[in-house]
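**Q** please find the sequence and the predicted model below.
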Amino acid sequence: MERYVLDARVVRAALCDPDGHSAALLSHALADQSVLLTSYPLFTEYEAQCMRPAMWGPMGLLAWQVGDYLDGLAALMRVVRVSAAWLPKLKDVVAELALVTAVQGDADAIVSLDAATLADAAHRFDIEVLTPQQAVARGAHV
């Protein structure tokens, strides 16, 4: 079973487009077709990205609905303990959180909407970087 780390932009995209590929990844995890990994620092970034009223307000969502989404996401994911001794590899702090979680959680891939930022560093750790569409297509073959 594939083990994925979702970057914060993918989590936000799943909230904004419940019919899109990012949301489909959550459905795959609910159906036990994949395992989603997170860490406490990475999940804090998910919350920061999703709880901005300017992001969810125009979609007609209410704060409690976004809170329920995040609660469900937390229940779905396995938490990886990350080491404070990790040395930064990237200039983008949000991407760094996904990378350290993937490395220390022995993930197969990071699912990202910004593969260019992560690709070189992830490759050094033998971790793939996939788009949500690629990850969904891979899960369809399970």
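**A** Everything's here; your move.
**Q** gap between stretch 61-70 and the chain center?
**A** From the chain centre to the centre of stretch 61-70 is a distance of 18 Å (C-alpha atoms, centre = their mean, to the nearest Å).
**Q** contacts for that stretch next, please.
**A** Outside of stretch 61-70, the residues within contact range by C-beta atoms under 8 Å, 6 or more residues apart in numbering are 15, 46, 47, 50, 51, 53, 56. For glycine as for every other residue, the C-beta is placed from the backbone atoms N, C-alpha and C.
**Q** now with 6 Å, please.
**A** 15, 47, 50, 56 (C-beta atoms under 6 Å, 6 or more residues apart in numbering).
**Q** list the buried ones in that stretch?
**A** Residues 61, 66, 69, 70 are the ones in stretch 61-70 that count as buried (16 or more other C-beta atoms under 10 Å).
**Q** tabulate those residues in a markdown table, adding columns for secondary structure.
**A** Supplementary listing: the buried residues of stretch 61-70 in a markdown table, determined by DSSP: H, G, I helix; E, B strand; the rest coil:
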| residue | secondary structure |
| --- | --- |
| 61 | coil |
| 66 | helix |
| 69 | helix |
| 70 | helix |
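**Q** for residue 32, which non-adjacent residue is closest in space?
**A** Distance criterion C-beta to C-beta, 6 or more residues apart in numbering; nearest residue to residue 32, sequence neighbours excluded, is residue 1 at 7.5 Å.
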